[in-house]
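Engineer: my questions concern the predicted model and sequence given below.
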Amino acid sequence: MTGSWDQTAKVWDTKTGAELLTLKGYRSGVRSASFSVDGTRIVIVTGGLTIVWDARPVIREAPPKSPAPKYGEMEKPLHLLGHSGPVLALDFNFEGSRLVTGDSSNTRVWDVTSGMELLKLDAAKPVVRGSFNALNQLLTVCKSEGATRLHTSTGKPLGFLRNRDVGLLREALFTPDGKRVVTTHNSGIMTVFDAEKQKFIKSFTAFDAKLVQNGMAISPDSKRVCSAVGKGTEWNVNVWDLESEKEVLNWTASDKPIYGVAWSADGKWIVSCGVDQTVKVWHADTGKLHKTLTGATKTVSRVSIHRDNNRIAASCFDGIVRIWDLTTGQVVKTFDLGTLGNGAVAFSPDGKRLAASAPGIVRIWDLTP
């Protein structure tokens, strides 16, 4: 479904690219055109008017000419359309059936099978993080705000998680058990909230406010937090224990800025990436380097670890998504996003899909055999 300033809205067949229907006769450009969640209605916004069409005749007029391939048999990725600018928020829900994305002005939730947009939340500032917990609460982080927003899966606001007077928000994540939210601020303060009750639990100083913090990951047992902290030519990976509020481990990881970190599902590995164009795999219990993965030609912005704990995916400024085999250290798969720039990457919790983003682009690949 598309809308244009030529005063028309059009419905297309996503497999063949064929135009199925043109809706015209509007007096001004079409600002928005979308299907309802169940696909039975079309909503058009034009010239201050909102117009609703019955879409069922469209569906009946376009029966498939041949059986549709199963998603796993598709050679091309699923394209999620509508974003503009960098898409830095990217994460699957607990079941792997939904994907949350965020750009400079909104957060969107998608059905990963159909690519249908299920929810759109406008934001006044760029959205840099978005994630779900097992309760299907939706967390979003807007750049330069001092609070984390919580919503229900349908977009109903649950409120703000705010620790006042601790500076601007840097990162926020649900713990893997879904019970808590951990946030960090540019003042070096780490705060823990009760996710279900949306209540403050505690806060403590985690790092020097003079340093920059990038990326955050939480251990699979929800007990520890890791992040990249540094400045200039010294960048460390730091690990804190949430119960004792103490830093329990840190090591020098790069002489250039680190942009992303991830923690494997078995708790064994912490992975970092950044401006040095590498992905580094560390022993989570000692901080010792296990392996350096190479092949990227520009800054590596984000990493994600497959549930098998052996495949690592990374999004890069060169527009290529790479998957490495940890055992061999070799790149085993690449996907071309078609544009350069900052982006994100995420394996689904069940390991069946990979999502990645670049400026204005979000795509999902099926990884099943």
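Structural biologist: Looks like it came in fine.
Engineer: can you list the neighbours in contact with stretch 133-142?
Structural biologist: With contact meaning Cβ atoms under 8 Å, 6 or more residues apart in numbering, stretch 133-142 is reached by 89, 93-94, 100, 102, 107, 109, 121, 123-132, 148-153, 155, 158, 169, 171-174, 177-178, 181, 195-196. Using the backbone N, CA and C atoms, a C-beta is placed for each residue, glycine as well.
Engineer: just those: which are in strands?
Structural biologist: Counted as lying in strands by DSSP state E, out of the contacts of stretch 133-142, are 89, 100, 102, 107, 109, 121, 127-132, 148-151, 158, 169, 171-174, 181.
Engineer: low-scoring stretches of the stretch 151-300 of the chain, by residue?
Structural biologist: Counting by pLDDT under 70, the stretch 151-300 of the chain contains no low-confidence segment.
Engineer: do a quick rundown of the strands in it.
Structural biologist: 157-162, 169-174, 180-185, 189-194, 199-205, 212-218, 224-231, 234-241, 246-254, 258-263, 269-274, 279-283, 289-293, 300-305 (DSSP state E, counting those that start in this stretch).
Engineer: closest one to residue 349 among those?
Structural biologist: strand 300-305 (10.8 Å; Cβ to Cβ).
Engineer: strands paired with that closest one, and their directions?
Structural biologist: Strands adjacent to strand 300-305 in the sheet, as given by DSSP bridges, are strand 311-316 (antiparallel).
Engineer: averaged pLDDT, the strand it pairs with. What do you get?
Structural biologist: When pLDDT is averaged over strand 311-316, the result is 98.
Engineer: contacting residues around residue 77?
Structural biologist: Residue 77 sits next to 335, 363-365 when contact means Cβ under 8 Å, 6+ apart.
Engineer: quick one, grab the pLDDT at it.
Structural biologist: 91.
Engineer: distance of it from residue 363?
Structural biologist: Separation of residue 77 from residue 363 (Cβ to Cβ, to the nearest Å): 4 Å.
Engineer: how much space is there between the one residue sitting closest to the centre of the chain and residue 82?
Structural biologist: Nearest to the geometric centre of the chain sits residue 90, at 0.9 Å (Cα atoms, centre = their mean). Per Cβ to Cβ, residue 90 is found 14 Å from residue 82.
Engineer: if we can go back for a sec, quick check: neighbours shared by residue 77 and residue 363?
Structural biologist: With Cβ under 8 Å, 6+ apart as the test, residue 77 and residue 363 both reach residue 335.
Engineer: for the residue nearest to the centre of the chain, which non-adjacent residue is closest in space?
Structural biologist: Using Cβ to Cβ, 6 or more residues apart in numbering and skipping residues adjacent in sequence, the residue nearest residue 90 is residue 344, 3.8 Å away.
Engineer: that neighbour - how many residues pack around it?
Structural biologist: 26 (other Cβ atoms under 10 Å).
Engineer: show me what contacts it?
Structural biologist: Here residue 344 is in contact with 87-90, 301-302, 315, 356-357 (Cβ under 8 Å, 6+ apart).
Engineer: ok, and the most crowded of those residues?
Structural biologist: The residue in those with the most neighbours, by other Cβ under 10 Å, is residue 315 (32 neighbours).
Engineer: give the contact list for it.
Structural biologist: By Cβ under 8 Å, 6+ apart, the contact set of residue 315 is 300-302, 321, 343-345, 356-358.
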